[in-house]
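Asker: Need coordinates for the following:
(one chain, ligands or ions: 3)
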Amino acid sequence: ASAESVTTDFDASVRAHLELIESKLLAAVESDNPVLSEAAKHIIEAGGKRFRPQLVVLGSKFGPEAGVGAEARVARGAIVVELTHVASLYHDDVMDDATVRRGSDSANARWGNSLAILVGDYLFARASVLVTDLGIDIVATYAEMFNRLVRGQIAETIGPQEGADPLEHYLQVVADKTASLISVSTKVGGMIAGADAGTQRLLADFGEQLGIVFQLSDDIIDITSDETGKTPGTDLREGVDTLPILLARRSIDPADARLLELLAGERTDDEVDEALGLLRKHPAIAEARADVARRAEAARRILAPLPDGPAKDALSDLCDSVVTRTS
Ligand code: FPP
Ligand code: MG
Ligand code: MG
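Answerer: Ligands and ions are numbered 1, 2, ... in the order given. Sure thing, here's the model as predicted:
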């Protein structure tokens, strides 16, 4: 979940805030062990669009304390969510046997699985230390999110239970492994800036829907794009059934016989490439894209009750860019 092209134009105050966050991110993972420091900075330095920090900052604009002394705490919240995200990528790349991330070697490719897992743990630990300063309500929100994040990844790994609907299972996994953290990003921004309970709930609901759209887009791009800084077809290779795959599998068109055969069992690397070629031309891609566009519109509608202004416009623009991104 980390294609690099979700961007929108922010106003000067948001840009300045994001620069402050960027300048503190690497220092937040510094340690007295040079190997650990290097490995912990590796994926942060390799790139990333800082999507979750953007959401924390934008969420904070809907609280009464935005701009009056909340900056440092908002920055801390943003660092917590970004470190949590990056930590999950260290682990995810081990599980997905991924060799590239953000156009660089994945941590597991460079340092091996053991160190990649431990450095992921270290990043989680750093986020945990930093979050304590934000108060018990935010710690509790963070802990609940972490519970969902881990359970989502576990549910993906185990797969749907006997008799369960694979599409429902997939959407639950997406919500838990990805939308949980994105939802907490917008919500925690609001919480830090003193937003009322209704606004916090709205920000959380919006983030949840945006997060689902974000991961569905990511899963389409895994099939369609060669420029993600990751290896295309990773989900196919790892046997993770994503939306386009689940939609294609419903086909009763005899012309899809070979594709359905490829999607049914274990696949060799050549068969992954063959399935990728067939899927790229398949109507399931357009169907999946239409579903994503509908969901993005639904996310945008959640914003309606919020006061108009640059922060609302920026959140609305993000609804477009998660749909249109191609990498
Ligand atoms: C990326 O999915 C993975 C996630 C969004 C969640 C990963 C969560 C964990 C690894 C749980 C971590 C928990 C602990 C305790 C360490 P993806 O593989 O579809 O994204 P990608 O295309 O960016 O690889
Ligand atoms: Mg992955
Ligand atoms: Mg994964």
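Asker: per-residue confidence for G265?
Answerer: Note on G265: pLDDT of 82.
Asker: who in this structure is up against ligand 1?
Answerer: 1-2, 88, 91-92, 96, 98, 120, 124, 149-150, 153, 177-178, 218, 222, 230 (CB under 6 Å from any ligand atom). C-beta: built from backbone N, CA, C; applies to glycine.
Asker: List, out of the residues you listed, those positioned next to ligand 2.
Answerer: Subset of the residues of the chain next to ligand 1 in contact with ligand 2: D92, D96, counting by CB under 5 Å from the ion.
Asker: So which of the residues of the chain next to ligand 1 are in helices?
Answerer: Of the residues of the chain next to ligand 1, the ones assigned to helices by DSSP state H are S88, H91, D92, G120, F124, L149, V150, Q153, D218, D222.
Asker: I'd like to know which of the residues of the chain next to ligand 1 are buried.
Answerer: Taking 16 or more other CB atoms under 10 Å as the criterion, what is buried in these is 1-2, 88, 91-92, 96, 98, 120, 124, 149, 153, 177-178, 218, 222, 230.
Asker: residues near the closest residue to F10 other than its chain neighbours, how many?
Answerer: Leaving aside its sequence neighbours, F10 sits nearest to A314 (CB to CB, 6 or more residues apart in numbering; 5.8 Å). A314: 19 surrounding residues under other CB atoms under 10 Å.
Asker: Is A314 in contact with R15, as I believe?
Answerer: No: if you go by CB atoms under 8 Å, A314 and R15 don't touch, sitting 10.7 Å apart.
Asker: ends of stretch 100-120, how far apart?
Answerer: 16 Å (CA to CA, to the nearest Å).
Asker: so how far is that stretch from its chain's centroid?
Answerer: 18 Å (CA atoms, centre = their mean, to the nearest Å).
Asker: And stretch 161-181, by the same measure?
Answerer: The answer for stretch 161-181 is 15 Å, by CA atoms, centre = their mean.
Asker: likewise stretch 313-327?
Answerer: With CA atoms, centre = their mean, you get 14 Å for stretch 313-327.
Asker: quick one: the strands in this protein?
Answerer: 100-101, 104-105 (DSSP state E).
Asker: of all these, which lies closest to M145?
Answerer: strand 100-101 (22.2 Å; CB to CB).
Asker: So is that closest one next to ligand 2?
Answerer: No: contact between strand 100-101 and ligand 2 is absent, the nearest approach being 8.5 Å (criterion: CB under 5 Å from the ion).
Asker: Report all helices and strands that that strand contacts.
Answerer: In terms of contacts (3 or more CB pairs under 8 Å, 6 or more residues apart in numbering; DSSP states H and E), strand 100-101 is packed against no helix or strand at all.
Asker: so which of the ones in helices among the residues of the chain next to ligand 1 are also by ligand 3?
Answerer: Within those, those near ligand 3 by CB under 5 Å from the ion are D92.
Asker: got the contact list for the closest residue in space to I117 that isn't next to it in sequence?
Answerer: With CB to CB, 6+ apart as the criterion, I117 has its nearest non-adjacent residue at 5.8 Å, and that residue is V94. Taking CB atoms under 8 Å, 6 or more residues apart in numbering, we find V94 in contact with N108, N113, A116, I117, G120.
Asker: If we use 10 Å, what do you get?
Answerer: S106, A107, N108, G112, N113, S114, A116, I117, G120 (CB atoms under 10 Å, 6 or more residues apart in numbering).
Asker: how about the nearest residue to H42, chain neighbours excluded?
Answerer: Counting by CB to CB, 6+ apart, H42 lies nearest to A107, which is 5.8 Å off, once chain neighbours are set aside.
Asker: Would you mind giving me the confidence score for that neighbour?
Answerer: At A107, pLDDT is 98.
Asker: ok, the ones in helices among the residues of the chain next to ligand 1 vs P310, which is closest?
Answerer: Of all those, P310 sits closest to D218, with 26.8 Å by CB to CB.
Asker: Which two among the buried ones among the residues of the chain next to ligand 1 are spaced furthest apart?
Answerer: With CB to CB as the measure, no two of these lie farther apart than F124 and D222, at 24.7 Å.
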